[in-house]
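Trainee: Build me a model from this:
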Amino acid sequence: MMKLMSDEVENLTLLCKKIKSADRTGKYAVFMPHFCIDILAKFEGNLDDFGHSAHLETKNTVKEGGKATNSAFALASLGINSPIIAKTSNIGFALLKNFKSKNLLKNLDISHIKTDGNLATTCAIETANKNIMLSDPGELKYFEIYDLTEDDFDMIKKSEIVAISDWALNENGTELADEIFKFSKRNNVRTFFDPGDPAPKIKKGNNIDKVAEEMREILPFVDFLSVNEEEFESYKLNDFKGKTKILYHTSDFSSIIEKGRTIAKANAFEVNVRRLTGAGDTFNSGFVFGEIENFEEKEKLILANASAAHYISNDRAMHANKHNIIKFLKTAKFKKI
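Mentor: Here you go, the predicted model:
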């Protein structure tokens, strides 16, 4: 036991040194295609105590949202140049500029955001006994390959990684992912895919087996697939033996699965959870940082877990910078599972 604890401390010390000395100059990770306004409404009571209608007093937070945007904010906080390719309205873009300025994110590139679309919004209502998500996908629903400009493709070509998320919310998601990932592979750019919860596609009358098959057809061009426990089951990945590395993340641990075999695993961290949304997006950014910096596989998972844990446990819903994440790693405790 003492040897195990000693090894853990030694591994974290080495990881902190790598993070501190990481050379982020001229490195880019492109995220697409979702930006929205997130409204987080927290109600301390129990919804079952009310009838069919009620006036609820909540504590609200308004912030940037969308899986691509959340991941870009998190990675930019760690110092990697993070362009977002998406579409919104003029009001949405003005709010995004405000969020960027508020977070002091000089590495966040919002010049690839188009403003000739509709604003997407999400309202997450957290209560003592249940959570409710209200969503207007806005431009995400029909975002397609033709929404990209020549400048967007040039940016992808010079990036280290291109990440596509929220496939299940996008009517053109399969074509978009297929075209972007093929283009990326032709230009030696690594590909990262977070398809999201398949429920929106299933609700449209699609059979879950058909949805899983459609998603898996994209994987020959995907280097990294990020899924949680439920998504892993829904997308029928138990028997997947392809070359894509599956990043499997749960509340207790995360792992990398390659050709049906677990090649790395890291326990999550013990934290006081203050929010329920955004952990997966922040996990992705931590992993991408480690991938860009050529960390060991387990180190990537530890950093991803730490990034997510820091985000869901801090008071202000702020993403960690290098200093924050190193400080967190020096004091954090792994979960015992």
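Trainee: packing partners for the helix or strand where residue 192 lies?
Mentor: Residue 192 belongs to strand 190-194 when assigned by DSSP states H and E. In terms of contacts (3 or more C-beta pairs under 8 Å, 6 or more residues apart in numbering; DSSP states H and E), strand 190-194 is packed against strand 161-165, helix 173-186, strand 224-228, helix 279-292. C-beta: built from backbone N, CA, C; applies to glycine.
Trainee: quick one: low-confidence ranges for this protein?
Mentor: By pLDDT under 70, the low-scoring segments of the chain are 1-10, 49-54.
Trainee: and the strand holding residue 192, which strands flank it?
Mentor: Counting by DSSP bridges, the strands paired with strand 190-194 are strand 161-165 (parallel), strand 224-228 (parallel).
Trainee: re earlier: export the helices and strands packed on strand 190-194 to CSV and append columns for mean neighbour count and distance to residue 308.
Mentor: Shown next, in CSV, are the helices and strands packed on strand 190-194 (neighbours: other C-beta atoms under 10 Å; distance: least, C-beta to C-beta, whole Å):
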stretch, mean neighbour count, distance to residue 308
strand 161-165, 27, 15
helix 173-186, 19, 24
strand 224-228, 24, 11
helix 279-292, 26, 4
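Trainee: So for residue 336, which of those sits nearest?
Mentor: Minimum separation from residue 336 across the helices and strands packed on strand 190-194 (C-beta to C-beta) falls at helix 279-292, 19.7 Å.
Trainee: chain center to the closest one, what's the gap?
Mentor: 7 Å (C-alpha atoms, centre = their mean, to the nearest Å).
Trainee: now stretch 268-285
Mentor: 10 Å.
Trainee: hey, C-alpha coordinates of it in CSV?
Mentor: What follows is stretch 268-285 as a C-alpha-only set of coordinates in CSV (Å, rounded to 0.1, in the frame of the first residue of the first chain):
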residue,chain,number,x,y,z
ALA,A,268,-11.3,10.0,-10.7
PHE,A,269,-10.7,12.5,-7.9
GLU,A,270,-12.6,13.1,-4.7
VAL,A,271,-14.3,16.5,-4.9
ASN,A,272,-17.3,18.3,-3.6
VAL,A,273,-19.5,18.5,-6.7
ARG,A,274,-21.1,21.9,-7.2
ARG,A,275,-22.5,21.5,-10.7
LEU,A,276,-23.5,18.6,-12.8
THR,A,277,-23.0,19.8,-16.4
GLY,A,278,-19.8,20.4,-18.3
ALA,A,279,-17.6,17.7,-16.8
GLY,A,280,-17.4,15.6,-20.0
ASP,A,281,-16.5,18.7,-22.2
THR,A,282,-13.8,19.7,-19.7
PHE,A,283,-12.5,16.1,-19.6
ASN,A,284,-12.1,16.2,-23.3
SER,A,285,-10.0,19.4,-23.2
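Trainee: Go ahead and confirm residue 34 touches residue 140.
Mentor: Yes: checked against C-beta atoms under 8 Å, the pair residue 34 and residue 140 is within contact range at 4.7 Å.
Trainee: Common neighbours of these two, please.
Mentor: Residues within reach of residue 34 and of residue 140 at once, by C-beta atoms under 8 Å, 6 or more residues apart in numbering, are 66, 86, 120, 166, 169.
Trainee: Which one of those residues is nearest to residue 198?
Mentor: residue 169 (10.1 Å).
Trainee: Look up how far residue 162 lies from residue 170.
Mentor: 15 Å (C-beta to C-beta, to the nearest Å).
Trainee: close enough to count as contact, residue 302 and residue 12?
Mentor: Yes: contact criterion C-beta under 8 Å: residue 302 and residue 12 qualify, at 7.3 Å.
Trainee: Which one of the two is surrounded by more residues?
Mentor: Between residue 302 and residue 12, residue 302 has the larger neighbour count (other C-beta atoms under 10 Å), namely 28 against 18.
Trainee: For the stretch 51-200 of the chain, which segments count as strands?
Mentor: 59-65, 82-83, 86-87, 108-109, 113-114, 121-126, 131-136, 161-165, 190-194 (DSSP state E, counting those that start in this stretch).
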